[in-house]
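>>> sequence and predicted structure are below.
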Amino acid sequence: MIEIGKVTNSTPGNIQILLSSVDVFERNKQHMRVSRYVVIADGNETKILASIQNVSAVQNERTETINYTITATPIGSYIENEEEIEFRQGGVNLPSPTEPVYLPDDNLINRIFSCSDNFSFEIGKLSNNNNIRYFVDGNKFFGKHIAVVGSTGSGKSCAVASILQRVMHINNGKNDTRDEKKNSHIIIFDIHSEYRSAFSLDDEQNFTVNVLDVEKLCLPYWLMNSQELEALFIESNEMNSHNQISQFKKAVILSKEKHNPELKHINYDTPVYFNIWEVYRYIKNKNREILNNIDGQPQKPRQEDGTLIDNADTAYLEKEISFAGSSTAKADKTKNGPYNGDFERFITRLEIKLSDKRLKFITDPKKDSGESYKTVDFDSILMQFLGYIDKANVTIIDLSAIPFEVLSIVISLLSRVIFDFAFHYSKIMHEQQLVNDIPFMLVCEEAHNYIPKGGGAEYNASKHSIERIAKEGRKYGLNLMVVSQRPSEVSETIFSQCNNFVVLKLTNVNDQSCIRNLLPDNNSALVDVLPTLAAGRCFFVGVFVSSPPKRKKKKEKTGDSELGVRKTPLGILHSTLRTVIILNEMSRVLNLLLEAALCKNTTSTPVTIQNSY
Ligand SMILES: Nc1ncnc2c1ncn2[C@@H]1O[C@H](COP(=O)(O)OP(=O)(O)OP(=O)(O)O)[C@@H](O)[C@H]1O
Ligand SMILES: [Mg+2]
């Protein structure tokens with residue numbers, strides 16, 4: 001290391017350095033550019049690593065000489081011994097004035113950022129020196145929720161694809177771990193259909209990506225919970241929407257009871273089959289309902305032929321009734337049903353939605369045999385997103401062709417299903433004193449489109465589902481990667497749960513201040529540099545870039561955390577999959593999931609489903 005000057009002033013964010021001479025500057029100026037590093041002694045064995053923010057030349061008017069000063073921001077400290085360097089990000093003891101300052105050589109920087117026991121996940125190269133590979137603690141990176149933010153075109157999607165390829169050991173179109181199977185799973189909500197090519201490898205690479213586009217995806221409407229069904233079929237700002245909801249709810253429950261007679265305690269949210277066309281007929285009949293109003297006779301629905309309907313609930317699901325005409329004559333007096341004429345717009349909307357070919361994957365998905373999906377097919381529906389079909393570790397849900405108005409609903413349903421799987425699988429494993437060994441990572445591309453900060457009722461369902469993952473998912477091995485070009489417009493609840501940040505070029509002032517507020521204190525100065533970053537260049541901020549505290553290295557702990565979830569998802573990514581056991585466990589989870597949802601209101605429920613279907 002070359003000594004270049006002395007500290008003249010130090011504050012928590014900035015250290016001022018006066019260079020020894022003009023000659024020192026001239027000889028080393030190519031290493032003293034902004035964002036390069038300097039090393040500062042702190043008075044004892046520890047050294048401070050600082051990044052250059054500013055270099056200035058000030059003329060001394062009296063002596064007419066030029067003094068060069070550097071302003072540097074401390075990023076961490078290290079202790080060097082013969083075998084290794086222990087680097088710790090942040091929390092430095094500020095150096096006193098007159099402490100010497102050095103220029104580190106590439107070898108030292110390489111040792112600081114190089115691969116070590118924990119820091120073994122290569123995430124990229126240092127932007128100020130392309131020869132230096134940058135390693136982070138993969139377990140910490142993937143063990144917390146991650147936010148990837150940057151203006152449009154800053155390189156977010158490329159960065160995400162590159163990180164995920166590294167996780168999957170895909171390197172230049174080759175699968176480097178061809179003979180291993182991995183038991184993690186990455187699910188990408190791909191809004192612009194851009195990820196398929198990143199994970200499509202030749203057959204001999206033994207890597208199958210599971211792409212579910214609108215042609216392949218099947219998400220039967222009956223899996224939806226009340227919030228999602230109402231978001232799909234009911235216009236919340238219509239005057240009589242409360243009546244629409246009450247009658248729609250009644251019809252849904254009646255149809256569920258009709259098709260699942262063996263089940264008790266069915267409610268609006270139970271994920272069992274019902275027939276949406278029956279619900280449509282029910283609403284249509286309610287809209288035309290004419291009741292008998294002859295004195296002394298029951299006020300039941302009256303048909304055209306004069307007969308009264310005893311059990312209107314059943315009859316209304318079955319067929320469209322030809323009601324009697326209105327009459328005020330005493331002998332055949334009638335009156336309108338309570339909802340007569342109320343549901344014209346609701347019926348038109350149901351007809352439009354049910355005949356919309358783009359929504360067929362929701363309103364009328366069919367099995368290969370041509371039959372509709374029923375309650376017994378519950379597990380095969382869930383299996384399509386959960387992977388382990390054809391060894392897929394990456395599931396891309398291509399949402400590009402999905403109409404915008406149902407995007408939120410589809411994402412809500414998918415996220416809920418994935419959360420519930422993770423929840424129940426964890427529970428089963430914990431009952432057996434085992435840890436959850438199937439980590440999931442959910443990548444939410446263009447998150448501002450479906451989990452906005454404000455937004456109307458149409459976003460309630462997706463916000464609710466993803467916020468639950470943000471708050472509780474980690475306990476069950478489910479992590480989020482939230483990607484957005486407008487961080488200031490994404491739900492605060494979700495962003496505030498992210499501990500790890502990949503921050504690319506960010507030009508919008510609101511977005512910059514949103515990120516400034518989210519970043520740990522000592523990183524807020526980074527925000528000033530964000531508008532100037534080139535495409536693909538980014539800052540990594542979070543626990544995963546700091547080194548372990550200074551202590552003797554222990555053997556890495558791979559057991560339970562206090563919550564019983566394995567702490568090291570990345571470690572698991574690389575472990576060998578016990579395919580058979582996991583498939584068995586999976587079918588057990590799926591059965592349990594259904595059972596739990598069905599028995600939701602009984603005390604004998606083995607596990608309770610949170611935020612039921
Ligand atoms: N590491 C990189 N080095 C050089 N160029 C890059 C890098 N990453 C991305 N780019 C360039 O930036 C372009 C935009 O990248 P990308 O689509 O990932 O941006 P984005 O932030 O996801 O944009 P959007 O918000 O519109 O989705 C790419 O087409 C590529 O040319
Ligand atoms: Mg993108």
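Received it, and whenever you're ready, just let me know what you need. Ligands and ions are numbered 1, 2, ... in the order given.

>>> from here on, contacts and neighbour counts on C-alpha atoms
Fine.

>>> regarding this protein, what is its longest helix?
Counting residues, the longest helix in the chain under DSSP state H turns out to be helix 404-431.

>>> any buried residues in that one, and which?
Counting neighbours by 16 or more other C-alpha atoms under 10 Å, one finds that the buried residues in helix 404-431 are 406-430.

>>> show me what contacts residue 32?
52, 55 (C-alpha atoms under 8 Å, 6 or more residues apart in numbering).

>>> just want the residue of the stretch 401-550 of the chain that's nearest ligand 1.
Taking C-alpha to the nearest ligand atom as the measure, the stretch 401-550 of the chain has residue 536 as its residue closest to ligand 1, at 3.4 Å.

>>> after the longest helix of the chain, which helix or strand is next?
Remark: after helix 404-431, the chain's next helix or strand is strand 440-444, criterion DSSP states H and E.

>>> give me the sheet partners of that next one and which way each runs.
Using DSSP bridges, strand 440-444 pairs in its sheet with strand 185-190 (parallel), strand 478-484 (parallel).

>>> please identify the deepest-packed of those strands.
Per-stretch averages of neighbours, counted by mean count of other C-alpha atoms under 10 Å, single out strand 478-484 among the strands paired with strand 440-444, with a mean of 25.

>>> what packs against the helix or strand that that one is followed by?
Using DSSP H and E, the helix or strand that follows strand 478-484 in sequence is helix 492-496. Using 3 or more C-alpha pairs under 8 Å, 6 or more residues apart in numbering; DSSP states H and E as the contact criterion, the neighbours of helix 492-496 among helices and strands are helix 460-472.

>>> and the helix it packs on, how far from the chain's centre?
Helix 460-472 sits 9 Å away from the centroid of its parent chain (C-alpha atoms, centre = their mean, to the nearest Å).

>>> also stretch 158-178?
With C-alpha atoms, centre = their mean as the basis, the distance from the averaged C-alpha position of stretch 158-178 to the chain average is 20 Å.

>>> pLDDT averaged over it - what is it?
Model confidence over stretch 158-178 averages 83 on the pLDDT scale.

>>> and that stretch, how far apart are its ends?
Across its full length, stretch 158-178 reaches 23 Å end to end, with C-alpha to C-alpha, to the nearest Å as the criterion.

>>> in it, what's buried?
Within stretch 158-178, the residues that qualify as buried by neighbour count (16+ other C-alpha under 10 Å) are 158-170, 174-175, 177.

>>> now residue 57: how far from ligand 1?
Taken as C-alpha to the nearest ligand atom, to the nearest Å, the spacing of residue 57 relative to ligand 1 amounts to 33 Å.

>>> could you look up the SS state of that residue?
Judged by DSSP: H, G, I helix; E, B strand; the rest coil, the three-state class of residue 57 is strand.

>>> please work out how many residues are found near it.
Other residues near residue 57 come to 13 when the count uses other C-alpha atoms under 10 Å.

>>> skipping adjacent residues, who's closest to it in space?
residue 68 (4.5 Å; C-alpha to C-alpha, 6 or more residues apart in numbering).

>>> in what helix or strand does the one you found lie?
Using DSSP H and E, residue 68 maps to strand 65-80.

>>> partner strands of that strand, with direction?
strand 15-19 (antiparallel), strand 47-60 (antiparallel), strand 85-89 (antiparallel).

>>> of the buried residues of stretch 158-178, closest to residue 51?
Each of these was scored against residue 51 by C-alpha to C-alpha, and residue 159 proved nearest at 23.4 Å.

>>> how close does the closest one sit to ligand 1?
As judged by C-alpha to the nearest ligand atom, residue 159 and ligand 1 stand 6 Å apart.

>>> quickly list the domain ranges of the chain.
Residue ranges for the domains of the chain, per automatic domain parsing: 2-113, 135-220+365-543+559-598, 223-354.

>>> I'd like those laid out as a markdown table, including distance to residue 129.
Compiled in a markdown table, the domains of the chain are given as follows (distance: least, C-alpha to C-alpha, whole Å):
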| stretch | distance to residue 129 |
| --- | --- |
| domain 2-113 | 8 |
| domain 135-220+365-543+559-598 | 12 |
| domain 223-354 | 50 |
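
>>> lowest mean pLDDT across those, which one is that?
Lowest mean pLDDT of the domains of the chain: domain 135-220+365-543+559-598, a mean of 79.

>>> what about that one, distance to the chain center?
For domain 135-220+365-543+559-598, the gap between its own C-alpha mean and the chain's C-alpha mean amounts to 5 Å (C-alpha atoms, centre = their mean).

>>> reformat the strands paired with strand 440-444 as TSV; add distance to residue 241.
As requested, the strands paired with strand 440-444 are exported to TSV (distance: least, C-alpha to C-alpha, whole Å):
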stretch	distance to residue 241
strand 185-190	31
strand 478-484	33
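
>>> redo the ones you listed as CSV? Include distance to ligand 1.
As requested, the strands paired with strand 440-444 are exported to CSV (distance: least, C-alpha to the nearest ligand atom, whole Å):
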stretch, distance to ligand 1
strand 185-190, 10
strand 478-484, 7
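
>>> list the contacts of the helix or strand residue 512 falls within.
Using DSSP H and E, residue 512 sits in helix 509-518. Contacting residues not belonging to helix 509-518 are listed as 486, 487, 488, 495, 496, 506, 523, 524, 527, 530 [C-alpha under 8 Å, 6+ apart].

>>> what does the stretch 401-550 of the chain put close to ligand 1?
Counting by C-alpha under 6 Å from any ligand atom, the residues of the stretch 401-550 of the chain lying close to ligand 1 are 485, 535, 536.

>>> how does it look with 5 Å?
If contacts are counted using C-alpha under 5 Å from any ligand atom, the residues of the stretch 401-550 of the chain sitting beside ligand 1 are 535, 536.

>>> state the distance from the closest residue to ligand 1 within the stretch 251-400 of the chain to residue 406.
Residue nearest to ligand 1 within the stretch 251-400 of the chain: residue 400 (12.7 Å; C-alpha to the nearest ligand atom). The span separating residue 400 from residue 406 equals 12 Å under the rule C-alpha to C-alpha.

>>> swap in residue 351?
When distances are taken as C-alpha to C-alpha, residue 351 and residue 406 turn out to be 16 Å apart.

>>> quick check: angle from the host helix or strand of residue 39 to strand 15-19?
Under the criterion DSSP H and E, the helix or strand holding residue 39 is strand 37-41. Relative orientation of strand 37-41 and strand 15-19, computed by axes from the mean of the first three to the mean of the last three C-alpha atoms, to 10 degrees: 90 degrees.

>>> mind listing residues that contact strand 37-41?
With C-alpha under 8 Å, 6+ apart as the contact definition, strand 37-41 has outside contacts at 47-52, 72, 95, 99-104.

>>> quick check: buried residues in that strand?
Residues of strand 37-41 classed as buried by neighbour count (16+ other C-alpha under 10 Å): 37, 38, 39, 40, 41.

>>> that older thread, show me which of the buried residues of stretch 158-178 is closest to ligand 1.
Nearest to ligand 1 among the buried residues of stretch 158-178, counting by C-alpha to the nearest ligand atom, is residue 158 at 3.8 Å.

>>> nearest spatial neighbour of the closest one, skipping sequence neighbours?
Across the structure, with C-alpha to C-alpha, 6+ apart as the measure, the residue nearest residue 158 apart from its sequence neighbours is residue 536 (7.5 Å).
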